[in-house]
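Predicted structure and sequence below. I'll ask about it afterward.
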Amino acid sequence: MAPVVVLFGREVQGRQKQNPCQTEDVDTGTASRVALITGCTRQQGIGAAVALAFARSGVDVGMAYYRPYDRTMPWGVKDAEPEEIVLELRAAGVRAHSFEINLSEPDGPRELFQLARERFGQIDILVNNAAYSTETTVEDMCAEDLDRHYAVNLRAMMLLSAEFVRSFPAGGSGRIINLTSGQGLGPLPNELAYAATKGGVDAFTLSLSAAVARRGITVNAVDPGPTDTGWMSAELRDSLINSTPMGRLGL
């Protein structure tokens with residue numbers, strides 16, 4: 001399916017384009033808003049697409065990235081990709097800054113939020129998109145692998161959310177958007193650590209939404225569904241396309 005961007009209660013269906021960062025402009029109905037988005041290392045990634053959708057809607061963007069992780073993955077990353085994403089955002093006419101932060105470090109989320117506040121002041125929107133994902137089978141599972149997934153997928157997301165809530169002014173209108181993978185809907189037997197931590201994202205989102213609703217902050221989890229950001233093999237792509245009701249993927 002085409003990407004759906006949910007901003008301030010509105011769903012906007014993106015056009016199918018060759019460049020995955022090119023989505024429909026979105027009218028947020030707000031002025032001088034600032035979004036902080038994690039996981040924006042690659043131009044073909046979901047984080048970059050979300051960042052550009054915000055920028056084209058007039059929202060200033062702070063983007064966090066971490067090249068060492070993507071360099072270890074099959075899809076890789078060009079050294080200049082984060083800088084190129086920032087240039088695209090600025091070309092849309094908004095303020096944009098990038099921060100390279102290792103969110104698996106305990107102090108990483110706090111450092112990121114402080115840097116973003118120094119650059120932009122108030123942060124109105126937090127998009128927790130960064131993720132750690134490697135194969136984890138029950139035969140090979142170990143504490144170190146579990147801890148790596150937990151540190152990024154759950155701990156960093158929770159700590160960033162806490163920083164956002166603590167800094168948010170009374171009477172404001174804030175948004176926390178957590179990227180999930182729908183692991184409560186189906187099994188992922190060869191990525192057990194990833195599946196468990198993404199399930200934790202869903203549980204945390206539900207409870208946090210109740211905890212902060214009276215502060216004017218909404219909290220939602222978004223499952224983008226199968227999205228080809230460069231990691232799919234041709235065989236997997238064909239299999240997923242055949243299994244979707246409309247015969248297409250997120251691009």
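In hand now; what should we look at? Numbers count the residues shown, from 1 in each chain.

Sketch out the low-pLDDT regions of the stretch 101-250 of the chain for me.
225-234, 236-243, 245-250 (pLDDT under 70).

ok, Ser181 - contacts?
Counting by C-beta atoms under 8 Å, 6 or more residues apart in numbering, Ser181 touches 188, 194-195, 198, 223. C-beta here means a position set from N, CA and C on the backbone, and glycine is covered the same way.

all strands for the stretch 1-150 of the chain, in order.
Per DSSP state E, counting those that start in this stretch, the stretch 1-150 of the chain has strands spanning 4-7, 10-13, 34-37, 60-65, 96-100, 125-128. These are given in chain order.

Lowest average confidence across those strands, which one?
Comparing mean pLDDT across those, the weakest is strand 10-13, with a mean of 33.

returning to that earlier point: among the contacts of Ser181, which are located in helices?
When DSSP state H defines the helices, the subset of the contacts of Ser181 inside them is 194-195, 198.

So which of those is the closest to Arg155?
When those are compared for distance to Arg155, the smallest value, 13.5 Å, is given by Lys198; criterion: C-beta to C-beta.

With His149 as the reference, measure out to that closest one.
For Lys198, the distance to His149 (C-beta to C-beta, to the nearest Å) stands at 9 Å.

any idea how far Ser133 is from Gln44?
Distance, Gln44 to Ser133, by C-beta to C-beta: 16 Å.

which residue ends up closest to the midpoint of the protein in space?
To find the centre residue of the chain, average its C-alpha atoms and take the closest one (C-alpha atoms, centre = their mean): that gives Asn129, at 1.6 Å.

isn't that residue right up against Leu179?
Yes. Under the criterion of C-beta atoms under 8 Å, Asn129 makes contact with Leu179 at 4.7 Å.

intersection of neighbour lists for the two?
In terms of C-beta under 8 Å, 6+ apart, Asn129 and Leu179 are both contacted by the residues 39, 46.

coming back round to it: could I get the strands of the stretch 1-150 of the chain in a markdown table, plus columns for mean neighbour count?
Converted to a markdown table, those look like this (neighbours: other C-beta atoms under 10 Å):
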| stretch | mean neighbour count |
| --- | --- |
| strand 4-7 | 18 |
| strand 10-13 | 12 |
| strand 34-37 | 25 |
| strand 60-65 | 27 |
| strand 96-100 | 19 |
| strand 125-128 | 27 |
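
how about the ones you listed in a markdown table, adding distance to Glu84?
Putting the strands of the stretch 1-150 of the chain into a markdown table (distance: least, C-beta to C-beta, whole Å) gives the following:
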| stretch | distance to Glu84 |
| --- | --- |
| strand 4-7 | 21 |
| strand 10-13 | 24 |
| strand 34-37 | 16 |
| strand 60-65 | 11 |
| strand 96-100 | 10 |
| strand 125-128 | 19 |
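
With respect to Phe113, which of these lies nearest?
By C-beta to C-beta (comparing all of the strands of the stretch 1-150 of the chain), the closest turns out to be strand 34-37, at 7.4 Å.

Touching the closest one from outside, list them.
Applying C-beta under 8 Å, 6+ apart, the external contacts of strand 34-37 come out as 47, 50-51, 54, 59-64, 95, 112-113, 116, 120-127, 129, 160, 164.

Would you map the helices across the stretch 1-150 of the chain?
For the stretch 1-150 of the chain, the helices defined by DSSP state H, counting those that start in this stretch cover 46-56, 67-71, 81-91, 108-120, 143-149.

now the third one, how far from the centre of its chain.
Translated: helix 81-91. In terms of C-alpha atoms, centre = their mean, to the nearest Å, the gap separating the centre of helix 81-91 from the centre of its chain is 17 Å.

if we can go back for a sec, among the ones in helices among the contacts of Ser181, who's most crowded?
Using other C-beta atoms under 10 Å as the neighbour criterion, Lys198 leads the ones in helices among the contacts of Ser181 with 25 neighbours.
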